[in-house]
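Novice: prediction below, plus the sequence it came from.
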Number of protein chains: 2
Amino acid sequence: MICTCEFCEIKNIFYATVKEAELEEFCGSRIEKEVRAGELIIRQGDPIKDFIYLKEGLVKLYRDTPNGRQIISLGIPKDFVSLLSVFAGNSYTYSVTALHNSIICILDMAEIRQLVSENGDFAMSMIATLNKASERILFNYLDLNQKRLTGRVAQVLLYFSDIFQSDDFEIPISRVEIAQLVGMTTENVVRTIAELRKDNIVDAYGKDINIKNRDMLVKIMNLN
Amino acid sequence: MICTCEFCEIKNIFYATVKEAELEEFCGSRIEKEVRAGELIIRQGDPIKDFIYLKEGLVKLYRDTPNGRQIISLGIPKDFVSLLSVFAGNSYTYSVTALHNSIICILDMAEIRQLVSENGDFAMSMIATLNKASERILFNYLDLNQKRLTGRVAQVLLYFSDIFQSDDFEIPISRVEIAQLVGMTTENVVRTIAELRKDNIVDAYGKDINIKNRDMLVKIMNLN
DNA sequence: ATCAGACAATGATAATTATCAATGTTTAAG
DNA sequence: CTTAAACATTGATAATTATCATTGTCTGAT
(Lines give C-alpha, C1' and ligand atoms only; values in the text may rest on other atoms or scores of the structure.)
Protein backbone atom coordinates (compact mmCIF):
# COMPACT_ATOMS: atom_id res chain seq x y z
CA MET A 1 0.00 0.00 0.00
CA ILE A 2 1.46 3.29 -1.07
CA CYS A 3 -1.00 5.78 0.40
CA THR A 4 0.11 5.95 3.99
CA CYS A 5 -0.96 9.41 5.08
CA GLU A 6 -3.20 8.79 8.00
CA PHE A 7 -5.45 11.80 7.63
CA CYS A 8 -5.57 12.24 3.87
CA GLU A 9 -8.95 13.66 2.98
CA ILE A 10 -8.97 12.15 -0.47
CA LYS A 11 -8.02 8.77 0.80
CA ASN A 12 -10.77 9.03 3.37
CA ILE A 13 -13.25 9.70 0.62
CA PHE A 14 -11.89 6.64 -1.07
CA TYR A 15 -12.09 4.45 1.96
CA ALA A 16 -15.73 5.25 2.32
CA THR A 17 -16.43 4.65 -1.31
CA VAL A 18 -13.82 2.77 -3.25
CA LYS A 19 -12.87 -0.84 -3.49
CA GLU A 20 -9.49 -1.76 -2.07
CA ALA A 21 -8.14 -2.65 -5.49
CA GLU A 22 -9.11 0.71 -6.97
CA LEU A 23 -7.47 2.47 -4.07
CA GLU A 24 -4.17 0.74 -4.57
CA GLU A 25 -4.12 1.46 -8.24
CA PHE A 26 -4.95 5.05 -7.60
CA CYS A 27 -2.41 5.53 -4.85
CA GLY A 28 0.26 4.02 -7.04
CA SER A 29 0.02 6.83 -9.55
CA ARG A 30 0.07 9.74 -7.19
CA ILE A 31 3.11 11.92 -6.71
CA GLU A 32 4.03 13.51 -3.45
CA LYS A 33 6.20 16.56 -3.77
CA GLU A 34 7.92 18.98 -1.45
CA VAL A 35 7.76 22.62 -2.41
CA ARG A 36 9.69 25.40 -0.77
CA ALA A 37 8.25 28.65 0.51
CA GLY A 38 7.90 30.99 -2.42
CA GLU A 39 7.78 28.24 -4.99
CA LEU A 40 5.11 28.35 -7.68
CA ILE A 41 2.78 25.36 -7.70
CA ILE A 42 0.22 26.37 -10.28
CA ARG A 43 0.57 29.13 -12.84
CA GLN A 44 -2.49 31.00 -13.99
CA GLY A 45 -3.22 30.01 -17.58
CA ASP A 46 -1.56 26.62 -17.39
CA PRO A 47 -3.58 23.69 -18.69
CA ILE A 48 -5.25 21.65 -15.98
CA LYS A 49 -3.70 18.21 -15.98
CA ASP A 50 -3.32 17.52 -12.29
CA PHE A 51 -5.51 17.60 -9.28
CA ILE A 52 -3.51 19.00 -6.40
CA TYR A 53 -4.08 18.39 -2.74
CA LEU A 54 -2.22 20.11 0.09
CA LYS A 55 -0.85 17.64 2.59
CA GLU A 56 1.34 19.94 4.65
CA GLY A 57 2.07 23.63 4.74
CA LEU A 58 0.39 26.80 3.59
CA VAL A 59 -0.25 28.22 0.13
CA LYS A 60 -1.87 31.23 -1.46
CA LEU A 61 -4.31 31.19 -4.36
CA TYR A 62 -4.24 34.42 -6.36
CA ARG A 63 -4.84 35.89 -9.74
CA ASP A 64 -3.17 38.63 -11.69
CA THR A 65 -5.24 41.12 -13.63
CA PRO A 66 -4.39 44.27 -15.56
CA ASN A 67 -5.34 46.14 -12.40
CA GLY A 68 -3.14 44.22 -10.03
CA ARG A 69 -2.91 41.05 -8.03
CA GLN A 70 -5.68 39.69 -5.84
CA ILE A 71 -5.24 36.90 -3.35
CA ILE A 72 -8.34 34.75 -3.60
CA SER A 73 -7.75 32.64 -0.52
CA LEU A 74 -5.18 30.73 1.46
CA GLY A 75 -4.96 26.97 1.39
CA ILE A 76 -4.26 24.96 4.50
CA PRO A 77 -3.57 21.24 4.92
CA LYS A 78 -6.32 19.02 3.55
CA ASP A 79 -7.50 21.70 1.17
CA PHE A 80 -7.95 20.96 -2.46
CA VAL A 81 -5.65 23.45 -4.07
CA SER A 82 -7.34 22.69 -7.35
CA LEU A 83 -10.86 23.73 -6.69
CA LEU A 84 -12.04 26.59 -8.82
CA SER A 85 -12.28 25.74 -12.47
CA VAL A 86 -10.79 22.24 -12.25
CA PHE A 87 -13.99 20.69 -13.47
CA ALA A 88 -15.11 23.74 -15.37
CA GLY A 89 -12.35 24.78 -17.73
CA ASN A 90 -9.22 23.67 -19.49
CA SER A 91 -6.75 25.96 -17.83
CA TYR A 92 -6.21 27.42 -14.42
CA THR A 93 -7.70 30.84 -13.83
CA TYR A 94 -5.45 31.49 -10.86
CA SER A 95 -1.95 30.79 -9.55
CA VAL A 96 -0.86 28.99 -6.42
CA THR A 97 2.36 29.65 -4.55
CA ALA A 98 3.66 28.11 -1.35
CA LEU A 99 3.89 30.46 1.63
CA HIS A 100 5.57 27.91 3.88
CA ASN A 101 7.52 24.86 2.89
CA SER A 102 4.77 22.49 1.92
CA ILE A 103 4.01 19.01 0.73
CA ILE A 104 1.55 18.58 -2.07
CA CYS A 105 -0.02 15.48 -3.46
CA ILE A 106 -0.38 15.47 -7.21
CA LEU A 107 -3.07 13.29 -8.71
CA ASP A 108 -3.88 12.80 -12.32
CA MET A 109 -6.94 14.82 -13.24
CA ALA A 110 -8.04 12.21 -15.76
CA GLU A 111 -8.08 9.62 -13.02
CA ILE A 112 -10.11 11.88 -10.74
CA ARG A 113 -12.58 12.44 -13.53
CA GLN A 114 -12.81 8.75 -14.11
CA LEU A 115 -13.43 8.09 -10.45
CA VAL A 116 -16.19 10.67 -10.39
CA SER A 117 -17.76 8.98 -13.37
CA GLU A 118 -17.44 5.49 -12.01
CA ASN A 119 -18.03 5.98 -8.36
CA GLY A 120 -21.16 7.80 -7.28
CA ASP A 121 -20.26 8.17 -3.64
CA PHE A 122 -16.91 9.61 -4.56
CA ALA A 123 -18.69 12.03 -6.89
CA MET A 124 -21.01 13.13 -4.10
CA SER A 125 -18.13 13.76 -1.72
CA MET A 126 -16.26 15.65 -4.36
CA ILE A 127 -19.23 17.87 -5.19
CA ALA A 128 -19.87 18.55 -1.53
CA THR A 129 -16.26 19.46 -0.85
CA LEU A 130 -15.91 21.75 -3.84
CA ASN A 131 -19.29 23.32 -3.20
CA LYS A 132 -18.39 24.01 0.41
CA ALA A 133 -15.00 25.46 -0.44
CA SER A 134 -16.22 27.82 -3.11
CA GLU A 135 -19.08 28.98 -0.95
CA ARG A 136 -16.69 29.69 1.88
CA ILE A 137 -14.46 31.76 -0.36
CA LEU A 138 -17.34 33.68 -1.88
CA PHE A 139 -19.07 34.46 1.39
CA ASN A 140 -15.82 35.46 2.97
CA TYR A 141 -15.45 38.01 0.20
CA LEU A 142 -18.98 39.24 0.60
CA ASP A 143 -18.32 39.68 4.30
CA LEU A 144 -15.12 41.60 3.68
CA ASN A 145 -16.84 43.99 1.34
CA GLN A 146 -19.25 45.14 3.97
CA LYS A 147 -16.40 46.15 6.23
CA ARG A 148 -14.16 49.12 6.55
CA LEU A 149 -10.41 48.77 6.58
CA THR A 150 -10.12 48.23 10.33
CA GLY A 151 -12.70 45.47 10.20
CA ARG A 152 -10.91 43.77 7.34
CA VAL A 153 -7.60 43.75 9.10
CA ALA A 154 -9.26 42.48 12.27
CA GLN A 155 -10.84 39.70 10.25
CA VAL A 156 -7.51 38.68 8.74
CA LEU A 157 -5.77 38.61 12.10
CA LEU A 158 -8.54 36.53 13.63
CA TYR A 159 -8.40 34.24 10.62
CA PHE A 160 -4.71 33.57 11.19
CA SER A 161 -5.28 33.17 14.88
CA ASP A 162 -7.81 30.52 13.98
CA ILE A 163 -5.49 28.72 11.58
CA PHE A 164 -2.65 28.62 14.08
CA GLN A 165 -4.94 28.02 17.02
CA SER A 166 -3.24 30.67 19.08
CA ASP A 167 -3.41 34.32 20.02
CA ASP A 168 0.31 34.50 19.50
CA PHE A 169 1.54 33.73 16.03
CA GLU A 170 3.59 34.82 13.09
CA ILE A 171 1.67 36.27 10.15
CA PRO A 172 2.54 34.05 7.21
CA ILE A 173 2.20 36.80 4.63
CA SER A 174 3.62 40.24 4.09
CA ARG A 175 1.79 43.54 4.47
CA VAL A 176 1.67 43.71 0.71
CA GLU A 177 -0.06 40.35 0.60
CA ILE A 178 -2.52 41.27 3.33
CA ALA A 179 -3.42 44.24 1.16
CA GLN A 180 -3.94 41.97 -1.85
CA LEU A 181 -6.03 39.62 0.26
CA VAL A 182 -8.50 42.15 1.63
CA GLY A 183 -8.46 44.74 -1.12
CA MET A 184 -6.80 47.78 0.40
CA THR A 185 -3.48 49.57 -0.01
CA THR A 186 -0.34 48.40 1.73
CA GLU A 187 0.04 51.75 3.45
CA ASN A 188 -3.37 51.43 5.01
CA VAL A 189 -2.65 47.90 6.17
CA VAL A 190 0.39 49.21 7.98
CA ARG A 191 -1.49 52.15 9.45
CA THR A 192 -4.41 50.00 10.56
CA ILE A 193 -2.17 47.53 12.34
CA ALA A 194 -0.34 50.44 13.96
CA GLU A 195 -3.70 51.75 15.18
CA LEU A 196 -4.56 48.41 16.73
CA ARG A 197 -1.22 48.42 18.47
CA LYS A 198 -1.68 51.94 19.79
CA ASP A 199 -5.11 50.97 21.09
CA ASN A 200 -3.49 48.06 22.89
CA ILE A 201 -5.59 45.50 21.07
CA VAL A 202 -2.64 43.67 19.55
CA ASP A 203 1.08 43.59 19.94
CA ALA A 204 2.72 43.69 16.55
CA TYR A 205 6.42 43.63 15.82
CA GLY A 206 6.83 42.89 12.17
CA LYS A 207 5.26 39.53 11.53
CA ASP A 208 4.91 38.60 15.18
CA ILE A 209 1.41 39.21 16.37
CA ASN A 210 -0.07 38.84 19.79
CA ILE A 211 -3.76 39.38 20.23
CA LYS A 212 -4.12 41.08 23.58
CA ASN A 213 -7.80 41.92 23.50
CA ARG A 214 -9.64 39.37 21.46
CA ASP A 215 -13.12 40.55 22.43
CA MET A 216 -12.37 44.01 21.18
CA LEU A 217 -10.85 42.67 17.98
CA VAL A 218 -13.98 40.64 17.34
CA LYS A 219 -16.10 43.71 17.97
CA ILE A 220 -14.04 45.71 15.52
CA MET A 221 -14.39 42.96 12.95
CA ASN A 222 -18.15 42.96 13.30
CA LEU A 223 -18.77 46.67 13.57
CA ASN A 224 -16.47 47.88 10.84
CA MET B 1 -43.39 11.89 -21.73
CA ILE B 2 -43.77 14.73 -19.32
CA CYS B 3 -40.52 16.67 -19.84
CA THR B 4 -41.28 18.62 -22.97
CA CYS B 5 -39.12 21.70 -22.64
CA GLU B 6 -36.99 21.64 -25.69
CA PHE B 7 -33.97 23.41 -24.28
CA CYS B 8 -33.98 22.22 -20.70
CA GLU B 9 -30.42 22.05 -19.51
CA ILE B 10 -31.09 19.36 -16.97
CA LYS B 11 -32.93 17.26 -19.45
CA ASN B 12 -30.06 17.65 -21.85
CA ILE B 13 -27.70 16.38 -19.22
CA PHE B 14 -30.05 13.47 -18.81
CA TYR B 15 -30.31 12.73 -22.48
CA ALA B 16 -26.60 12.46 -22.72
CA THR B 17 -26.34 10.27 -19.71
CA VAL B 18 -29.52 8.67 -18.51
CA LYS B 19 -31.57 5.74 -19.65
CA GLU B 20 -34.96 6.57 -21.12
CA ALA B 21 -36.77 4.85 -18.25
CA GLU B 22 -34.91 6.87 -15.63
CA LEU B 23 -35.71 10.04 -17.46
CA GLU B 24 -39.44 9.36 -17.51
CA GLU B 25 -39.52 8.54 -13.86
CA PHE B 26 -37.57 11.63 -13.06
CA CYS B 27 -39.66 13.93 -15.19
CA GLY B 28 -42.79 12.57 -13.62
CA SER B 29 -41.84 13.89 -10.23
CA ARG B 30 -40.86 17.39 -11.23
CA ILE B 31 -43.05 20.38 -10.58
CA GLU B 32 -43.21 23.33 -12.86
CA LYS B 33 -44.37 26.51 -11.19
CA GLU B 34 -45.08 30.06 -12.21
CA VAL B 35 -43.89 32.75 -9.87
CA ARG B 36 -44.78 36.40 -10.12
CA ALA B 37 -42.33 39.27 -10.07
CA GLY B 38 -41.46 40.01 -6.47
CA GLU B 39 -42.36 36.56 -5.24
CA LEU B 40 -39.97 34.74 -2.93
CA ILE B 41 -38.68 31.44 -4.29
CA ILE B 42 -36.10 30.48 -1.70
CA ARG B 43 -35.78 31.93 1.76
CA GLN B 44 -32.36 32.14 3.39
CA GLY B 45 -32.23 29.63 6.22
CA ASP B 46 -34.84 27.28 4.78
CA PRO B 47 -33.90 23.61 4.63
CA ILE B 48 -32.75 22.43 1.24
CA LYS B 49 -35.29 19.95 -0.05
CA ASP B 50 -35.61 20.94 -3.66
CA PHE B 51 -33.30 21.58 -6.51
CA ILE B 52 -34.57 24.55 -8.46
CA TYR B 53 -33.97 25.34 -12.08
CA LEU B 54 -35.02 28.53 -13.85
CA LYS B 55 -36.91 27.84 -17.03
CA GLU B 56 -38.15 31.32 -17.84
CA GLY B 57 -37.70 34.76 -16.38
CA LEU B 58 -35.21 36.51 -14.16
CA VAL B 59 -34.41 36.13 -10.47
CA LYS B 60 -32.04 37.58 -7.91
CA LEU B 61 -29.94 35.64 -5.44
CA TYR B 62 -29.15 37.63 -2.32
CA ARG B 63 -28.36 37.35 1.32
CA ASP B 64 -29.24 39.43 4.33
CA THR B 65 -26.64 40.16 6.97
CA PRO B 66 -26.61 42.35 10.06
CA ASN B 67 -24.92 44.95 7.87
CA GLY B 68 -27.46 44.92 5.08
CA ARG B 69 -28.49 43.08 1.99
CA GLN B 70 -26.14 41.94 -0.75
CA ILE B 71 -27.23 40.68 -4.13
CA ILE B 72 -24.96 37.77 -4.97
CA SER B 73 -25.96 37.37 -8.58
CA LEU B 74 -28.86 37.33 -10.99
CA GLY B 75 -30.24 34.14 -12.42
CA ILE B 76 -31.29 33.86 -16.03
CA PRO B 77 -33.05 31.04 -17.88
CA LYS B 78 -31.23 27.70 -17.71
CA ASP B 79 -29.45 28.71 -14.52
CA PHE B 80 -29.49 26.48 -11.54
CA VAL B 81 -31.01 28.67 -8.91
CA SER B 82 -29.86 26.18 -6.34
CA LEU B 83 -26.15 26.25 -6.72
CA LEU B 84 -24.27 27.48 -3.70
CA SER B 85 -24.59 25.19 -0.74
CA VAL B 86 -27.04 22.73 -2.30
CA PHE B 87 -24.58 19.93 -2.00
CA ALA B 88 -22.71 21.42 0.89
CA GLY B 89 -25.17 22.24 3.64
CA ASN B 90 -28.59 21.55 5.01
CA SER B 91 -30.13 24.96 4.59
CA TYR B 92 -29.97 27.75 2.09
CA THR B 93 -27.46 30.47 2.83
CA TYR B 94 -29.20 32.92 0.52
CA SER B 95 -32.63 33.92 -0.72
CA VAL B 96 -34.02 33.97 -4.22
CA THR B 97 -36.76 36.28 -5.45
CA ALA B 98 -38.25 36.66 -8.90
CA LEU B 99 -37.55 39.94 -10.65
CA HIS B 100 -39.75 39.18 -13.63
CA ASN B 101 -42.62 36.75 -13.82
CA SER B 102 -40.81 33.47 -14.09
CA ILE B 103 -41.23 29.76 -14.46
CA ILE B 104 -39.21 27.50 -12.24
CA CYS B 105 -38.78 23.79 -12.32
CA ILE B 106 -38.67 22.15 -8.92
CA LEU B 107 -36.89 18.84 -8.62
CA ASP B 108 -36.52 16.70 -5.57
CA MET B 109 -33.05 17.14 -4.11
CA ALA B 110 -32.97 13.55 -2.92
CA GLU B 111 -33.54 12.40 -6.48
CA ILE B 112 -30.77 14.62 -7.77
CA ARG B 113 -28.44 13.24 -5.15
CA GLN B 114 -29.39 9.75 -6.12
CA LEU B 115 -28.75 10.46 -9.77
CA VAL B 116 -25.34 11.86 -8.96
CA SER B 117 -24.57 8.72 -7.03
CA GLU B 118 -25.85 6.37 -9.66
CA ASN B 119 -24.89 8.09 -12.83
CA GLY B 120 -21.30 9.12 -13.28
CA ASP B 121 -21.80 11.18 -16.40
CA PHE B 122 -24.58 13.07 -14.77
CA ALA B 123 -22.32 13.68 -11.79
CA MET B 124 -19.59 15.06 -14.04
CA SER B 125 -21.98 17.43 -15.78
CA MET B 126 -23.35 18.57 -12.46
CA ILE B 127 -19.90 19.25 -11.03
CA ALA B 128 -18.85 21.12 -14.12
CA THR B 129 -21.95 23.28 -14.15
CA LEU B 130 -21.77 24.17 -10.46
CA ASN B 131 -18.03 24.73 -10.65
CA LYS B 132 -18.44 27.05 -13.60
CA ALA B 133 -21.28 29.00 -12.02
CA SER B 134 -19.58 29.60 -8.71
CA GLU B 135 -16.36 30.59 -10.40
CA ARG B 136 -18.22 33.08 -12.56
CA ILE B 137 -19.85 34.63 -9.52
CA LEU B 138 -16.62 34.80 -7.56
CA PHE B 139 -14.53 36.27 -10.34
CA ASN B 140 -17.22 38.75 -11.16
CA TYR B 141 -16.98 39.93 -7.58
CA LEU B 142 -13.22 40.09 -7.69
CA ASP B 143 -13.46 42.18 -10.84
CA LEU B 144 -15.96 44.55 -9.30
CA ASN B 145 -13.74 45.12 -6.31
CA GLN B 146 -10.94 46.45 -8.40
CA LYS B 147 -13.16 49.11 -9.86
CA ARG B 148 -14.38 52.50 -8.80
CA LEU B 149 -18.04 53.35 -8.73
CA THR B 150 -18.23 54.51 -12.33
CA GLY B 151 -16.63 51.28 -13.51
CA ARG B 152 -19.04 49.20 -11.47
CA VAL B 153 -22.08 50.93 -12.86
CA ALA B 154 -20.68 50.60 -16.37
CA GLN B 155 -20.16 46.90 -15.78
CA VAL B 156 -23.74 46.43 -14.59
CA LEU B 157 -25.19 48.27 -17.56
CA LEU B 158 -23.09 46.24 -19.98
CA TYR B 159 -24.13 43.09 -18.16
CA PHE B 160 -27.79 43.87 -18.71
CA SER B 161 -27.13 44.86 -22.26
CA ASP B 162 -25.61 41.44 -22.69
CA ILE B 163 -28.51 39.63 -21.06
CA PHE B 164 -31.08 41.41 -23.21
CA GLN B 165 -28.89 41.40 -26.29
CA SER B 166 -29.57 45.03 -26.98
CA ASP B 167 -28.23 48.52 -26.35
CA ASP B 168 -31.75 49.59 -25.56
CA PHE B 169 -33.37 47.89 -22.63
CA GLU B 170 -35.17 48.26 -19.36
CA ILE B 171 -33.10 47.73 -16.23
CA PRO B 172 -34.79 44.89 -14.39
CA ILE B 173 -33.79 46.11 -10.95
CA SER B 174 -34.14 49.29 -8.96
CA ARG B 175 -31.36 51.71 -8.11
CA VAL B 176 -31.44 50.30 -4.61
CA GLU B 177 -30.83 46.82 -6.00
CA ILE B 178 -28.02 47.98 -8.26
CA ALA B 179 -26.42 49.38 -5.13
CA GLN B 180 -26.80 46.04 -3.35
CA LEU B 181 -25.40 44.23 -6.36
CA VAL B 182 -22.21 46.22 -6.75
CA GLY B 183 -21.63 47.36 -3.19
CA MET B 184 -22.17 51.08 -3.24
CA THR B 185 -24.81 53.48 -1.93
CA THR B 186 -28.03 54.13 -3.76
CA GLU B 187 -27.26 57.84 -3.95
CA ASN B 188 -24.02 57.15 -5.73
CA VAL B 189 -25.70 54.80 -8.17
CA VAL B 190 -28.07 57.60 -9.07
CA ARG B 191 -25.28 60.14 -9.35
CA THR B 192 -23.10 57.87 -11.44
CA ILE B 193 -25.87 57.14 -13.92
CA ALA B 194 -26.61 60.86 -14.07
CA GLU B 195 -22.94 61.46 -14.90
CA LEU B 196 -23.04 58.95 -17.71
CA ARG B 197 -26.11 60.67 -19.07
CA LYS B 198 -24.51 64.12 -18.88
CA ASP B 199 -21.47 62.78 -20.70
CA ASN B 200 -23.78 61.49 -23.41
CA ILE B 201 -22.67 57.91 -22.93
CA VAL B 202 -26.13 56.60 -22.09
CA ASP B 203 -29.67 57.84 -22.21
CA ALA B 204 -31.41 57.06 -18.98
CA TYR B 205 -34.99 57.82 -18.11
CA GLY B 206 -35.88 55.83 -15.05
CA LYS B 207 -35.43 52.20 -15.93
CA ASP B 208 -35.15 52.77 -19.66
CA ILE B 209 -31.56 52.71 -20.72
CA ASN B 210 -30.04 53.33 -24.08
CA ILE B 211 -26.34 52.84 -24.52
CA LYS B 212 -25.25 55.55 -26.92
CA ASN B 213 -21.50 55.11 -26.73
CA ARG B 214 -20.67 51.52 -26.02
CA ASP B 215 -16.94 51.88 -26.67
CA MET B 216 -16.67 54.59 -24.08
CA LEU B 217 -18.73 52.60 -21.60
CA VAL B 218 -16.43 49.63 -22.05
CA LYS B 219 -13.43 51.89 -21.53
CA ILE B 220 -14.93 53.24 -18.33
CA MET B 221 -15.61 49.73 -17.14
CA ASN B 222 -12.01 48.72 -17.73
CA LEU B 223 -10.26 51.83 -16.51
CA ASN B 224 -12.26 52.49 -13.37
C1' DA C 1 -58.93 58.27 -7.15
C1' DT C 2 -55.94 58.72 -3.35
C1' DC C 3 -52.63 58.01 -0.20
C1' DA C 4 -48.79 55.75 2.23
C1' DG C 5 -44.57 53.74 1.45
C1' DA C 6 -40.99 52.81 -1.35
C1' DC C 7 -38.04 54.69 -4.81
C1' DA C 8 -35.35 58.42 -7.14
C1' DA C 9 -32.81 62.54 -7.32
C1' DT C 10 -29.71 66.33 -5.78
C1' DG C 11 -26.78 69.14 -2.84
C1' DA C 12 -23.84 69.87 1.10
C1' DT C 13 -20.76 67.90 4.08
C1' DA C 14 -18.13 64.46 6.54
C1' DA C 15 -15.68 60.26 6.62
C1' DT C 16 -12.91 57.05 4.52
C1' DT C 17 -9.43 55.61 1.61
C1' DA C 18 -5.87 56.16 -1.96
C1' DT C 19 -1.94 58.44 -3.66
C1' DC C 20 2.46 60.54 -3.40
C1' DA C 21 6.82 61.23 -1.26
C1' DA C 22 10.42 60.23 1.68
C1' DT C 23 12.97 57.32 4.71
C1' DG C 24 14.05 53.36 7.48
C1' DT C 25 14.37 48.20 7.70
C1' DT C 26 14.79 43.50 6.36
C1' DT C 27 16.25 39.91 3.31
C1' DA C 28 18.34 37.20 -0.01
C1' DA C 29 21.96 36.81 -3.55
C1' DG C 30 26.66 37.10 -4.61
C1' DC D 1 29.96 40.73 4.63
C1' DT D 2 27.87 43.74 1.49
C1' DT D 3 24.49 45.54 -1.25
C1' DA D 4 20.41 45.96 -4.08
C1' DA D 5 15.70 44.98 -4.02
C1' DA D 6 11.77 44.27 -1.80
C1' DC D 7 9.27 45.37 2.24
C1' DA D 8 7.68 48.47 5.99
C1' DT D 9 6.60 52.85 7.96
C1' DT D 10 4.97 57.58 8.42
C1' DG D 11 3.10 62.04 7.09
C1' DA D 12 0.77 65.17 4.05
C1' DT D 13 -2.56 65.65 0.71
C1' DA D 14 -5.95 64.51 -2.77
C1' DA D 15 -9.55 61.68 -4.40
C1' DT D 16 -13.28 58.89 -3.63
C1' DT D 17 -17.22 57.53 -1.36
C1' DA D 18 -20.68 57.64 2.34
C1' DT D 19 -23.86 60.09 5.11
C1' DC D 20 -27.40 63.32 6.01
C1' DA D 21 -31.12 66.17 4.64
C1' DT D 22 -34.62 67.43 1.59
C1' DT D 23 -37.74 67.14 -2.07
C1' DG D 24 -39.89 65.05 -5.83
C1' DT D 25 -41.89 60.83 -8.14
C1' DC D 26 -43.85 56.50 -8.77
C1' DT D 27 -46.71 52.50 -7.48
C1' DG D 28 -49.74 49.32 -5.44
C1' DA D 29 -53.40 48.65 -2.08
C1' DT D 30 -57.65 50.30 -0.40
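Specialist: Here it is on my side, so go on.
Novice: quick one: pLDDT of A:Thr97?
Specialist: With respect to pLDDT, A:Thr97 scores 96.
Novice: isn't it up against A:Ile41?
Specialist: Yes: A:Thr97 lies in contact with A:Ile41 (Cβ atoms under 8 Å); the separation is 6.4 Å. Backbone N, C-alpha and C define where each C-beta goes, glycine included.
Novice: next, show the common contact partners of those two.
Specialist: When contacts are counted by Cβ atoms under 8 Å, 6 or more residues apart in numbering or on different chains, the set common to A:Thr97 and A:Ile41 consists of A:Val59.
Novice: what about the two, which has more around it?
Specialist: Taking neighbours as other Cβ atoms under 10 Å in any protein chain shown, A:Thr97 and A:Ile41 compare with A:Ile41 leading, 22 against 18.
Novice: mind listing the strands for chain A?
Specialist: A:31-35, A:40-42, A:50-56, A:59-65, A:68-75, A:95-98, A:102-108, A:168-170, A:202-205, A:208-211 (DSSP state E).
Novice: out of those, flag the one nearest B:Ser166.
Specialist: strand A:59-65 (28.4 Å; Cβ to Cβ).
Novice: which elements pack onto the closest one?
Specialist: strand A:68-75, strand A:95-98, helix B:120-144 (3 or more Cβ pairs under 8 Å, 6 or more residues apart in numbering or on different chains; DSSP states H and E).
Novice: any chance of TSV for these, columns distance to A:Ile220?
Specialist: Putting these into TSV (distance: least, Cβ to Cβ, whole Å) gives the following:
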stretch	distance to A:Ile220
strand A:68-75	21
strand A:95-98	30
helix B:120-144	24
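Novice: what's the neighbour count on the nearest residue to A:Glu39 once chain neighbours are set aside?
Specialist: Leaving aside its sequence neighbours, A:Glu39 sits nearest to A:Ala98 (Cβ to Cβ, 6 or more residues apart in numbering or on different chains; 5.0 Å). By the criterion of other Cβ under 10 Å, A:Ala98 has 23 neighbours.
Novice: residues contacting A:Ala98?
Specialist: A:Val35, A:Arg36, A:Ala37, A:Gly38, A:Glu39, A:Ile41, A:Gly57, A:Leu58, A:Val59.
Novice: can you give me the mean pLDDT across stretch A:168-183?
Specialist: Mean predicted lDDT for stretch A:168-183 stands at 97.
Novice: which residues touch the most centrally placed residue in chain A?
Specialist: The centroid of chain A falls nearest to A:Gly75 when counting by Cα atoms, centre = their mean (1.7 Å). Residues near A:Gly75 by Cβ under 8 Å, 6+ apart: A:Leu54, A:Leu58, A:Val59, A:Lys60, A:Leu61, A:Val81, A:Val96.
Novice: most neighbours of all those, which one?
Specialist: Neighbour-wise, the contacts of A:Gly75 (other Cβ under 10 Å) top out at A:Val59, 27 neighbours.
Novice: quick one, what contacts the residue in chain A that DNA strand C sits nearest to?
Specialist: When scored by Cβ to the nearest atom of the strand, chain A has A:Arg148 as its residue closest to DNA strand C, at 3.3 Å. Listed by Cβ under 8 Å, 6+ apart, the contact partners of A:Arg148 are A:Asn224.
Novice: for chain B, see how far away it is.
Specialist: According to Cβ to the nearest Cβ, to the nearest Å, A:Arg148 stands 11 Å off from chain B.
Novice: check the gap between that residue and A:Leu223 for me.
Specialist: 9 Å (Cβ to Cβ, to the nearest Å).
Novice: still on that earlier bit, now the contacts of A:Gly75 as CSV including distance to B:Asn200?
Specialist: Formatted as CSV, the contacts of A:Gly75 follow (distance: Cβ to Cβ, whole Å):
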residue, distance to B:Asn200
A:Leu54, 52
A:Leu58, 51
A:Val59, 48
A:Lys60, 44
A:Leu61, 42
A:Val81, 48
A:Val96, 45
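Novice: which of the residues you listed sits closest to DNA strand D?
Specialist: When these are compared against DNA strand D (criterion: Cβ to the nearest atom of the strand), the nearest one is A:Lys60, at 12.0 Å.
Novice: can you tell me how far the nearest residue to A:Thr186 once chain neighbours are set aside sits from A:Met126?
Specialist: Leaving aside its sequence neighbours, A:Thr186 sits nearest to A:Ala179 (Cβ to Cβ, 6+ apart; 4.5 Å). With distances taken as Cβ to Cβ, A:Ala179 is found 34 Å from A:Met126.
Novice: just want to know which of those two has more residues nearby.
Specialist: Counted by other Cβ under 10 Å, A:Ala179 and A:Met126 do not tie: A:Met126 has more neighbours, with 26 against 22.
Novice: now do the contacts for the nearest residue to that one once chain neighbours are set aside.
Specialist: Spatial nearest neighbour of A:Met126, chain neighbours left out: A:Val116 (5.8 Å); criterion: Cβ to Cβ, 6+ apart. Counting by Cβ under 8 Å, 6+ apart, A:Val116 touches A:Phe122, A:Ala123, A:Met126, B:Gly120, B:Ala123, B:Met124, B:Ile127.
Novice: any chance of TSV for the strands of chain A, columns distance to DNA strand C?
Specialist: Shown next, in TSV, are the strands of chain A (distance: least, Cβ to the nearest atom of the strand, whole Å):
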stretch	distance to DNA strand C
strand A:31-35	15
strand A:40-42	14
strand A:50-56	20
strand A:59-65	14
strand A:68-75	9
strand A:95-98	13
strand A:102-108	16
strand A:168-170	10
strand A:202-205	8
strand A:208-211	10
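Novice: so A:Arg36 sits against A:Asn101, correct?
Specialist: Yes: using Cβ under 8 Å, A:Arg36 makes contact with A:Asn101 at a distance of 5.4 Å.
Novice: neighbour-wise, which of the two wins?
Specialist: A:Asn101 (14 against 10).
Novice: wouldn't the more buried one be in contact with A:Gly57 here?
Specialist: Yes: counting by Cβ under 8 Å, A:Asn101 does reach A:Gly57; the two are 6.0 Å apart.
Novice: now A:Asn214: closest residue in space, sequence neighbours ignored.
Specialist: Slight slip there: residue A:214 is Arg, not Asn. Closest to A:Arg214 by Cβ to Cβ, 6+ apart is A:Asp167, at 6.4 Å.
Novice: residues near the one you found, how many?
Specialist: A:Asp167 has 17 nearby residues by other Cβ under 10 Å.
Novice: so what's it up against?
Specialist: A:Ser161, A:Asn210, A:Ile211, A:Lys212, A:Arg214.
Novice: most neighbours out of these, which is it?
Specialist: Greatest neighbour count in the contacts of A:Asp167, by other Cβ under 10 Å, goes to A:Ile211: 23 neighbours.
Novice: now that residue: closest residue in space that isn't a chain neighbour?
Specialist: A:Ile211's closest residue in space is A:Asp167 (Cβ to Cβ, 6+ apart), at 4.1 Å.
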